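In: when you get a sec, could you give me coordinates for this:
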Amino acid sequence: MSSAVQTSRATGIKYQKLTCTIGAELFDVDLGDVARDEELFAELHSLLLEHKVLFLRDQDFSRADHVALAQRFGALEDHPVAGSDPDHPGLVRIYKDLDSPAEHYENAFHCDATWRQNPPMGCVLRCVEGPEVGGDTIWVDMAAAYAQLPDHVKDRIEGLRARHSIEASFGAAMPMEERHQLKARFPDAEHPVVRTHPETGEKVLFVNAFTTHFVNYHTPENVRFGSDYAPGAGELLNYLIRQAAIPEFQVRWRWSENSVAIWDNRSTQHYAVQDYWPAVRKMERAGIVGDRPF
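Out: Here you go, the predicted model:
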């Protein structure tokens with residue numbers, strides 16, 4: 001039995017929770033109107049903080065409206081590898097067809113661009129063209145993932161910091177010189193393993209596929225012998241990264257043409273399922289500049 005459709009108090013937006021943990025689908029909402037209406041946007045923002053990812057269907061808006069909606073949250077960012085639409089800076093076209101190069105960046109649980117010193121606050125993603133079946137995306141509530149960690153693990157990771165790298169992810173498939181140039185442009189970022197959401201105050205487990213290692217694990221409490229650090233620290237990091245794969249923290253969305261997902265990148269991870277070849281999947285994403293994790 002599905003959850004009941006609810007109505008927001010402020011603007012009457014109708015929505016339905018999709019899981020017990022994360023995700024809500026909105027109904028009878030035109031995101032073009034939201035981009036131009038302060039009250040509607042404020043309600044959308046409130047629902048996003050509560051549910052972490054919002055889904056809508058039948059959103060046949062223009063690229064200009066797509067950009068305008070995302071800019072309500074803040075300035076947009078370009079992507080150094082994917083690039084932007086030439087007429088709409090900050091709107092990244094993620095187009096996959098038979099001529100696309102083979103790559104496997106999206107089909108890993110990740111939080112967008114944590115290799116930046118200031119990772120994105122969130123994203124607005126629209127399906128322009130999708131397969132008849134397949135190509136779903138999974139989102140994960142990383143605040144719930146942290147909350148349900150055993151207490152002794154929470155104690156162990158309190159105060160830990162970790163390195164995040166574009167060189168070790170996007171750069172790994174590049175020739176050495178290009179990889180080094182990419183790292184020179186985007187040096188590895190260091191973030192807390194548990195970040196605090198700047199608007200809700202939630203504690204969020206903040207390690208993902210871009211995370212390479214802890215930077216301050218080597219203390220007398222953690223390390224008696226070298227084997228405590230290597231591979232001991234790596235085993236702990238892998239355990240933390242695997243929390244994103246737990247279904248109880250997830251919601252899975254089946255795309256259709258002109259469906260949209262809006263997510264809070266500060267408290268979620270996602271995984272784009274690449275099971276649809278040789279079908280075509282064309283997505284357009286606007287990523288919003290975020291702040292420094294603390």
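In: doesn't residue 69 fall inside a strand?
Out: No - read with DSSP: H, G, I helix; E, B strand; the rest coil, residue 69 is helix and lies in no strand.
In: and the residue nearest to residue 182 when sequence neighbours are not counted, how many neighbours?
Out: In space, and not counting its chain neighbours, residue 182 is closest to residue 171: 4.7 Å by CB to CB, 6 or more residues apart in numbering. The way it works is simple: take the backbone N, C-alpha and C, and place the C-beta from them, glycine included. By other CB atoms under 10 Å, 21 other residues sit near residue 171.
In: how much space separates residue 171 from residue 84?
Out: 20 Å (CB to CB, to the nearest Å).
In: need the three-state assignment for the closest residue in space to residue 72 that isn't next to it in sequence.
Out: The shortest distance from residue 72 to any non-neighbouring residue, by CB to CB, 6+ apart, is to residue 41 (5.0 Å). Put simply, residue 41 is helix when judged by three-state DSSP.
In: lowest confidence element among the helices and strands of the protein?
Out: When the helices and strands of the chain are compared on mean pLDDT, DSSP states H and E, helix 226-229 comes out lowest with a mean of 88.
In: mind listing what's buried in that one?
Out: Buried residues in helix 226-229, counted by 16 or more other CB atoms under 10 Å: residue 229.
In: and it, how far out from the chain middle?
Out: With CA atoms, centre = their mean, to the nearest Å as the basis, helix 226-229 stands 32 Å off its chain's centre.
In: kindly report the same for stretch 26-44.
Out: For stretch 26-44 - counting by CA atoms, centre = their mean - the centre lies 22 Å from the chain centre.
In: equivalent analysis for stretch 115-129, please.
Out: For stretch 115-129 - counting by CA atoms, centre = their mean - the centre lies 7 Å from the chain centre.
In: now stretch 173-186
Out: With CA atoms, centre = their mean, you get 23 Å for stretch 173-186.
In: quick one: mean pLDDT for it?
Out: Averaging pLDDT along stretch 173-186 gives 95.
In: send me that stretch as CSV with only the CA atoms.
Out: Extracted in CSV, the C-alpha atoms of stretch 173-186 (Å, rounded to 0.1, in the frame of the first residue of the first chain):
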residue,chain,number,x,y,z
ALA,A,173,41.2,7.0,-17.1
MET,A,174,43.4,9.8,-18.5
PRO,A,175,46.9,9.7,-19.8
MET,A,176,49.4,10.7,-17.1
GLU,A,177,50.0,14.2,-18.2
GLU,A,178,46.3,15.0,-18.5
ARG,A,179,45.7,13.5,-15.1
HIS,A,180,48.4,15.6,-13.5
GLN,A,181,47.0,18.7,-15.2
LEU,A,182,43.6,17.9,-13.8
LYS,A,183,44.9,17.5,-10.3
ALA,A,184,46.8,20.8,-10.6
ARG,A,185,43.5,22.5,-11.4
PHE,A,186,41.6,20.7,-8.7
